[in-house]
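Visitor: Need coordinates for the following:
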Amino acid sequence: MYELVLLALLFSLFAQFKVSSAFKKYAKIPNRRGYSGAQVASQMLQNCGIRDVRVERVAGNLTDHYDPRTKTLRLSQSVYDSTSVAALGVAAHEVGHAVQHDVGYAPLMLRSLFVPLANIGSKAAIPMFLVGMFFNNSTGTLLMQMGIIFFAMAVVFTLITLPVEFNASSRALGLLVDQHFLSEDEVRGSKKVLVAAAMTYVASAVMALAQLLRLILIAGRRR
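Guide: Sure, this is the predicted structure:
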């Protein structure tokens, strides 16, 4: 079990390395039309008929995200003003999430419903499980079982996230070409960045599943 968790951790570190290296590589290649990440995001939203989403700058590196609660698309400093094919790919990906929200994409709606459950699960699961291990009675068993259930909710959230992210990337690449922001050869760089980013979500899901299995096995040995 420890070997499985270690492999999942190594995969996660590898995925982080891939997305970082891919972004750095294609951040050096400007798009031929000179669009910035912010310009692409704003124009894409307009072209898709979405006029109630704000595009804002946010501090940090690759901290880009779409907030469906406030309908705000936030682009990091390395994306907002950049004209690289990497930046345009990231900006278009976040627009993909805004389009999902606008059309009521079911996995995104389901993920939004799971956010509070996932937050509770990720914060309470491990402490509850560890406390349960100190009680060699039915109370301890119950606490461990509840910890597993809470952690499972967080795992479900990571699994729901996968189709949401894959679909956003697919929409992004289509929009970049269909709306003529990037040519076919330029979009290959954006695709490599988005594929590398998708690996991080897969790695998170694998890591979460490995941890869940570990908790289940520990509880099984306890019984």
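Visitor: any idea which residue sits dead centre in the chain?
Guide: Nearest to the geometric centre of the chain sits Y201, at 5.5 Å (CA atoms, centre = their mean).
Visitor: Give me the three-state assignment for R32.
Guide: Assigned with DSSP: H, G, I helix; E, B strand; the rest coil, R32 falls in the coil class.
Visitor: go on, the one 3 residues further on?
Guide: Secondary structure state of Y35, per three-state DSSP, is coil.
Visitor: where's V177 relative to A22, distance?
Guide: Here the criterion is CB to CB, to the nearest Å. By it, V177 lies 19 Å from A22. Any C-beta I mention is one placed from the backbone N, CA and C, and that applies to glycine too.
Visitor: now D81
Guide: According to CB to CB, D81 and A22 sit 20 Å apart.
Visitor: And those two? Which one has more around it.
Guide: The residue with more neighbours, out of D81 and A22, is A22; 22 against 13, by other CB atoms under 10 Å.
Visitor: Could you find the closest non-adjacent residue to the more buried one?
Guide: Nearest residue to A22 in three dimensions, chain neighbours excluded: A196, at 4.1 Å (CB to CB, 6 or more residues apart in numbering).
Visitor: Quick one: the helices in the protein, in order.
Guide: Using DSSP state H, the helices of the chain run over 2-26, 37-47, 77-80, 85-103, 106-133, 138-178, 184-222.
Visitor: Could you say which of those is packed most deeply?
Guide: helix 85-103 (a mean of 25; mean count of other CB atoms under 10 Å).
Visitor: can you tell me which residues contact E184?
Guide: Counting by CB atoms under 8 Å, 6 or more residues apart in numbering, E184 touches V177.
Visitor: What of S204?
Guide: S204 sits next to 12, 158, 161 when contact means CB under 8 Å, 6+ apart.
Visitor: cool, V202 as well?
Guide: The contact partners of V202, by CB under 8 Å, 6+ apart, come to 15, 162.
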